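J.: coordinates for the following, if possible.
(2 chains)
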Amino acid sequence: MPEQWTIRLDGSELPDKQLIGGKAWSLARMRSLGLPVPPAFVVTTRACKAYQDQQDFPDGLIDEIREGVHWLEAQSGRCFGSGPEALLLSIRSGAPISMPGMMDTVLNLGINADTASALAEETGDSRFATDTYRRFLEMYAKIVLKAAPPELDPDAGPDAWLEAVNAAAPSPVPDTLEERLMAAIRAVFDSWGNRRARRYRKHNNIPDDLGTAVVVQAMVFGNLDDNSGTGVLFSRNPLTGEREPYGEYLTRAQGEDVVSGEHTPDKLEAMQSRQPEAHAKLLEAARVLEDENGDVQDIEFTVQKGELFLLQSRTAKRAPAAAVRIAVDMQRDGIISADQALARVTSTQARALLAPRLAEGAAAAASVLASGQGACPGVGTGRIVTDSDEAETRAEGGEAVVLARRSTSPEDVHGMLAARAIATETGGSTSHAAVVSRALGRPCVVGCGEASLLAHAGETVTVDGDAGKVYAGALEVVVPDERDDPALVELLAWAVDRAPIRVIRPDEAQGLDALDLDSIDGGEDPERLPELLAGASAARGGAIASDAGVAAALNAGVSAIVAEPTLPVMLAALHQSRARNG
Amino acid sequence: MNEKHLVLHGLAIKKHGTPEAVAELMGLNEDRARQLMDEAVANGRVNEAGGKYMLTPMAQMSLKSAYSKEYADPRGSENFLQAYQNFERINVDLKQIITDWQTLDVGGDKVPNDHSNSEYDEQVIDSLGELHERVEPVLDQLAGGLSRLAIYKDKLLAALEKAEDGDIQWVSDAKIDSYHTVWFELHEDLLRITGNERDE
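T.: The predicted structure follows:
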């Protein structure tokens, strides 16, 4: 009998995205490009619809899922529920349209006491096997059973873990692996009806009966032997934008190990010498995927006993310098148009690139007063003040202050707002100071160490939020010029031709009749600009160069803005008009 | 519950608070809160500047010493303390989500999230929604032990839904009652109720 509710992703066809959802579709597409992905089948959106109608699995679905698992066993040469080579599965939701509320991925389904000992034998790593089991139970409790998961004691062992999870969860972890698999698939279907999903569909006019698909995929192991490993590859360097592939590889490791940061991964060259064949295939796959998608790819992969598997490929996030270089390079190579290149660089990225920074050599000559973790980039100079009320008062009196505290709390927010920069003695990248400074856009260094700052109250310092350093004295700060960098110059030329508003540098604007917002009350408040700009033909100062300022200028029909640097303003104007015209 | 204590406690949570904000959070009548706050100013326990009120160091101290009596019931309730522990566990996830909101991982380097990638932002807001679903039963359990805490659930959901509708400053903006602001206030409230210290 032909399958009614499931489809095997064997590369023989590219099924309809409506039927199999976005995630399965991209797996199917990778397979159709001849790229290696771990075997998977998908429970279709049609099955989801039937489930919503009947509030239960439709007839025949359970049998099809069983047969699907058998097919995964045959494809992978592994066995679901027993050793010596146990098959573990990942269960993912995937609607045709990416939307909120869908269930998170459940990994390692198929692990129990028996398969954990088989896995311990196979990998020669019993710690890994029991950790996998523990993590599975924590994940299952949180995602499928919706419990506030208790922290499981690594040394307590499987019986104690199960007991702890069952005590915390509204319903127990099912006994058999098959029941766990079915319950995970049900949980995906149920997530289609939760608050977030319903709300999103209503707001975006997405029909309630579209349904989500469920991808069931074989897990691959990067820790089976010395010919196994796992890593991440970017098709170009995401920090600098250089054309060289950039990545990390960890021999004999699972994905969690790379993320956990417990092990230091090797550069890609190490993979090239150990796994030349897999390495060559990987670089070829990166090229194919970049061409196919027309943008830089971020690819997660695993090598299992010398065999390469791609787990995921998506458009890479990139640092501001890389965004500019990649956009310009890809336009030169004819991959994208100048319009697309401009669309791929945000005004914020351009501002970050052109923001004031320490002069070259300034840091080397200066003495470091304290070192910590950079929490918000940027440079700020001022006198150290250790009290937030005092910081506010002094700043109002026109003094440049740096707020230094042991740590910050909500009662320091007004002081943080008033300061040019913030530094704390204790706390890490998720501390209050780090979180709030990023929200306010103030340069910030956290965790400088006990007694490192407060004793220096009254001294003038320079805080470098990029490097995580507090320097004694006022260091020389330079302002980069957008006309000095060849890639920026190219972008500038395209932007000048296309921007819906003229942007003029102050030294070229003499004689121009421009409204000066610096001389008007409220000119620094973007919310007041719509009324202040009414009737003006050109404007300068105040909040005019911010994204909101540019939007207000476009709305008011202003024809020229006087500002420097000009690129961020032109990019903001381009993005605004693109958003308006769809 | 002693209204005078509640007003001072409310000011410990809403630093530089207005009578309106303190009254809302503590479940008091606004005029009554204003009257009590002005009385506290008159007897030197609170300072006022530009319509915003803050506790004096002395009031901070006397407030702390009053907690063990004011909150003897929740401190003695197994159920309430269990809910508080559950909140602390979920708090670890919340801090991670706020960090994800503010920073992007670019090839192993952390760079500030400039919110130009709406797909990424939507994913983070979605994980905030997932966290909210997990914290809801915990909030109900807390409000079961101390009914005034019910307001936090409403304020968190209100912030979440604004963020979900695309008004992204409602995730973590420190200047408004964003999800992170309200969460932080709830955390502060719970620390004071239970007599615990924040580990930063």
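J.: quick check: pLDDT value at residue A:104.
T.: What the model reports as pLDDT for residue A:104 is 81.
J.: likewise residue B:199?
T.: pLDDT recorded at residue B:199 is 65.
J.: what sits against residue B:132?
T.: Shown in contact with residue B:132 (C-beta atoms under 8 Å, 6 or more residues apart in numbering or on different chains): B:156, B:157, B:160. Using the backbone N, CA and C atoms, a C-beta is placed for each residue, glycine as well.
J.: quick one: least confident helix or strand in chain A?
T.: helix A:255-260 (a mean of 61; mean pLDDT, DSSP states H and E).
J.: quick one: name whatever helix or strand follows that one.
T.: On the C-terminal side of helix A:255-260, the nearest following helix or strand under DSSP states H and E is strand A:266-267.
J.: okay, now residue 88: neighbour count?
T.: Since no chain was named, I'll use chain A. Burial of residue A:88 is recorded as 21 neighbouring residues (other C-beta atoms under 10 Å in any protein chain shown).
J.: the intended chain is chain B.
T.: Residue B:88: 16 surrounding residues under other C-beta under 10 Å.
J.: chain center to the helix or strand hosting it: distance?
T.: Counting by DSSP H and E, the element that carries residue B:88 is helix B:78-102. How far helix B:78-102 lies from its chain's middle: 12 Å, per C-alpha atoms, centre = their mean, to the nearest Å.
J.: could you give the mean pLDDT of it?
T.: Throughout helix B:78-102, pLDDT has a mean value of 91.
J.: for residue A:143, give its distance to residue A:105.
T.: Using C-beta to C-beta, to the nearest Å, residue A:143 is found at 8 Å from residue A:105.
J.: which is the next helix or strand following the lengthiest helix in chain B?
T.: Assignment by DSSP state H gives helix B:118-145 as the longest helix of chain B. Using DSSP H and E, the next helix or strand after helix B:118-145 towards the C-terminus is helix B:150-164.
J.: could you give the angle of that next one to helix B:118-145?
T.: 170 degrees (axes from the mean of the first three to the mean of the last three C-alpha atoms, to 10 degrees).
J.: neighbours of residue 126, how many?
T.: Assuming you mean chain A. Applying other C-beta under 10 Å, we find 13 residues neighbouring residue A:126.
J.: oops, I was thinking of chain B
T.: Residue B:126: 20 surrounding residues under other C-beta under 10 Å.
J.: likewise for residue B:51?
T.: Neighbours around residue B:51, by other C-beta under 10 Å: 9.
J.: state the distance from it to residue B:30.
T.: 13 Å.
J.: could you do residue A:427 as well?
T.: Between residue A:427 and residue B:30 the computed distance is 36 Å (C-beta to C-beta).
J.: so which of those two has more stuff around it?
T.: For residue A:427 versus residue B:30, neighbours defined as other C-beta under 10 Å are more numerous around residue A:427 (23 against 14).
J.: for that one, give me its contacts.
T.: Going by C-beta under 8 Å, 6+ apart, residue A:427 touches A:407, A:433, A:434, A:446, A:447, B:200.
J.: confirm that it sits in a helix.
T.: No: assigned with DSSP: H, G, I helix; E, B strand; the rest coil, residue A:427 falls outside any helix and is coil.
J.: and it, backbone torsions?
T.: Main-chain torsions, residue A:427, degrees, to the nearest 10: phi 110, psi 160.
J.: mind listing what's buried in the helix or strand following the helix holding residue B:88?
T.: Going down the chain from helix B:78-102, the next helix or strand is strand B:103-106, by DSSP H and E. Neighbour counts over strand B:103-106 (16 or more other C-beta atoms under 10 Å in any protein chain shown) mark B:103, B:104, B:106 as buried.
J.: which helices and strands does strand B:103-106 pack with?
T.: strand B:109-112 (3 or more C-beta pairs under 8 Å, 6 or more residues apart in numbering or on different chains; DSSP states H and E).
J.: what's the spacing between the closest residue to residue A:533 other than its chain neighbours and residue B:129?
T.: Using C-beta to C-beta, 6 or more residues apart in numbering or on different chains and skipping residues adjacent in sequence, the residue nearest residue A:533 is residue A:556, 4.0 Å away. Distance of residue A:556 to residue B:129, given as C-beta to C-beta: 37 Å.
J.: which one of those two is surrounded by more residues?
T.: The neighbour count for residue A:556 versus residue B:129, taken as other C-beta under 10 Å, is higher for residue B:129 (23 against 17).
J.: report the separation between that one and residue A:139.
T.: Applying C-beta to C-beta to residue B:129 and residue A:139 gives a distance of 18 Å.
J.: can you name the residue of the stretch 351-500 of chain A nearest chain B?
T.: Going by C-beta to the nearest C-beta, chain B is nearest to residue A:411 of the stretch 351-500 of chain A, at 3.7 Å.
J.: got a list of what residue 160 touches?
T.: Went with chain A since none was named. For residue A:160, the contact set (C-beta under 8 Å, 6+ apart) comprises A:152, A:153.
J.: hm, I was asking about chain B
T.: By C-beta under 8 Å, 6+ apart, the residues touching residue B:160 are B:125, B:128, B:129, B:132, B:170, B:179.
J.: 6 Å instead, please
T.: Residue B:160 makes contacts with B:132, B:179, as judged by C-beta atoms under 6 Å, 6 or more residues apart in numbering or on different chains.
J.: look at it and report its pLDDT.
T.: pLDDT, read off for residue B:160, is 97.
J.: what's the neighbour count on residue B:13?
T.: Per other C-beta under 10 Å, the neighbour tally for residue B:13 reads 19.
J.: next one: residue A:40
T.: Residue A:40 has 25 neighbouring residues, counting by other C-beta under 10 Å.
J.: and residue B:154, by the same measure?
T.: 11.
J.: try residue B:92
T.: Neighbour count for residue B:92, taken as other C-beta under 10 Å: 10.
J.: quick check: residue A:230 touching residue A:303?
T.: No: the criterion here is C-beta atoms under 6 Å, and residue A:230 misses it with residue A:303 at 7.2 Å.
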